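> give me a 3D structure for the following:
(one chain, ligands or ions: 1)
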Amino acid sequence: MHSEAIAHPNIALIKYWGNREQALRIPANGSISLTLGGLDNRMSVRFDGELKSDTLVINEAPAAPKMVERATKHLDLLRIMADVADRAELVSETNFPLGAGIASSAAAFAAITVAAASALQMELSPEELSRIARRGSGSAARSIQGGFVELLAGDSDQTSFAQQIAPEDHWSIIDLVVIVDEKMKHTGSSTGHALAASNPLQQSRVADAPRRLQACRSAILERDFASLIQIVERDSDMMHAIMMTSEPPLHFWTGATLQVMAAVRELRADGVSVCYTIDAGPNVHCLCLPESESDVLQALASNENASWNVLRAQVGPAAQVV
Ligand code: DP6
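Numbering: from 1, shown residues only. Take a look at the predicted model:
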């Protein structure tokens, strides 16, 4: 019982932050993302009755016990559904840095879900796969789908899953990910989500989410880049405002993060259509259209502080068995 899948991380355009229900990862608000083609997590899952426990190797190194525990918890969901007790050997290879705010857990849990379901010969729809992936990592629900994706907040396990807003070839947005720091982030998203509810600002952010989601959906469907970058940058700043004012506060931005943000604003002042958006880490995703890509790259390269590595991703496909 062996299968391999490739899944991609995603970048949230409208962010998921905080859970309505923590254990099931029912998000406090809906979210929208781009699946990131070019950044891959290739996951092999092999169930074997001889194994005593699940094992996980990531980029040729054994994973930390906490990560194996989280993978086991996730595999248990699939094992119960398939009525199988066998433990599994998981081997993951990625071509992007892990734990630095590039949604590595999204790609990992989407890939585990798709590969394990295939190895266990389960026939599941993308909607079902997305619900299961969400239990592993909220943002993983979105990486099941390709293109432009919305995770419906819903109010139960059944109603919280991702669906595609537009396919991969709808609009060729480019994500230039400026890696200002490759280290693992100090606080994982799961810890951060749990802090959000006690922050009084979170209520206003969640209450306003339908408006931001609608603005983002329309901008995508109408390919209106000027409107898109406005709402995307604002939504990212709103989420970081919650993070920074939680107790204890979470500060993911570093000096270099702020320098990239300033460089993006300067580019815009010079007439280049670009915006930044930042997940739970210091690295900065710069979104632009193909005609602006060289201007953005040049500005990042000629920045006085620039020895930053820039990863390039484009709108990518759904998670799939290979
Ligand atoms: C800032 O999906 O990583 O990237 O469910 O605890 O694994 P867990 O959280 P995760 O949270 C994502 C937070 C975010 C915003 C987003 O991707 O929507």
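
> switch to C-alpha atoms for all contacts and neighbour counts from now on
Noted.

> tell me which parts of the stretch 1-150 of the chain are close to the ligand?
By the rule C-alpha under 6 Å from any ligand atom, the part of the stretch 1-150 of the chain lying against the ligand is 12, 15, 16, 17, 31, 103, 105, 137, 138, 139.

> in helices, which of those appear?
The helices, defined by DSSP state H, take in residue 105 from those.

> near the ligand, which residues of the stretch 151-300 of the chain show up?
Within the stretch 151-300 of the chain, the positions lying close to the ligand (C-alpha under 6 Å from any ligand atom) are 189, 190, 279, 280.

> on that earlier part again, make a markdown table out of the residues of the stretch 1-150 of the chain next to the ligand and add distance to residue 254, pLDDT and neighbour count.
As requested, these are exported to a markdown table (distance: C-alpha to C-alpha, whole Å; pLDDT from 0 to 100; neighbours: other C-alpha atoms under 10 Å):
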| residue | distance to residue 254 | pLDDT | neighbour count |
| --- | --- | --- | --- |
| 12 | 20 | 98 | 25 |
| 15 | 20 | 98 | 24 |
| 16 | 21 | 97 | 23 |
| 17 | 20 | 98 | 30 |
| 31 | 25 | 98 | 25 |
| 103 | 18 | 70 | 25 |
| 105 | 22 | 90 | 23 |
| 137 | 25 | 96 | 24 |
| 138 | 25 | 97 | 29 |
| 139 | 23 | 97 | 33 |
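
> list the helices and strands the helix or strand encompassing residue 44 packs on?
Here residue 44 sits within strand 41-48, counting by DSSP states H and E. Strand 41-48 sits against strand 2-7, strand 87-94, helix 104-119, with contacts defined as 3 or more C-alpha pairs under 8 Å, 6 or more residues apart in numbering; DSSP states H and E.

> wait, which of these is closest to residue 319?
Judged by C-alpha to C-alpha, the one of those that comes nearest to residue 319 is strand 2-7, at 4.2 Å.

> pull the CA atoms of that closest one into PDB?
Extracted in PDB, the C-alpha atoms of strand 2-7 (Å, rounded to 0.1, in the frame of the first residue of the first chain):
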ATOM      1  CA  HIS A   2       2.200   2.800  -1.300                       C
ATOM      2  CA  SER A   3       1.500   6.100  -3.100                       C
ATOM      3  CA  GLU A   4       3.200   9.400  -3.800                       C
ATOM      4  CA  ALA A   5       1.700  12.800  -4.200                       C
ATOM      5  CA  ILE A   6       2.900  16.300  -5.000                       C
ATOM      6  CA  ALA A   7       1.300  19.300  -3.300                       C
END
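
> neighbouring strands - and their directions - for that strand?
If you go by DSSP bridges, strand 2-7 pairs up with strand 41-48 (antiparallel), strand 320-321 (antiparallel).

> picking up where we left off before, most packed of the helices and strands packed on strand 41-48?
Across the helices and strands packed on strand 41-48, averaging neighbours per residue (mean count of other C-alpha atoms under 10 Å) puts helix 104-119 on top, at a mean of 28.

> that helix to strand 41-48, inter-axis angle?
40 degrees (axes from the mean of the first three to the mean of the last three C-alpha atoms, to 10 degrees).

> elements contacting helix 104-119?
Counting contacts by 3+ C-alpha pairs under 8 Å, 6+ apart, helix 104-119 is packed against strand 2-7, strand 41-48, helix 65-82, helix 126-136, helix 140-143, strand 320-321.

> quick one: contacts of the third one?
By C-alpha atoms under 8 Å, 6 or more residues apart in numbering, the list of residues contacting helix 65-82 from outside reads 54-56, 85-86, 112-113, 116-117, 120, 122, 132, 135-136.

> so how far is that helix off the chain centroid?
Centroid separation for helix 65-82 versus its chain: 20 Å, with C-alpha atoms, centre = their mean, to the nearest Å.

> coming back round to it: and for the strand holding residue 44, what's in contact with it?
1-9, 86-95, 107-108, 111-112, 115-116, 119.

> what about residue 124, neighbour count?
Neighbour count for residue 124, taken as other C-alpha atoms under 10 Å: 12.
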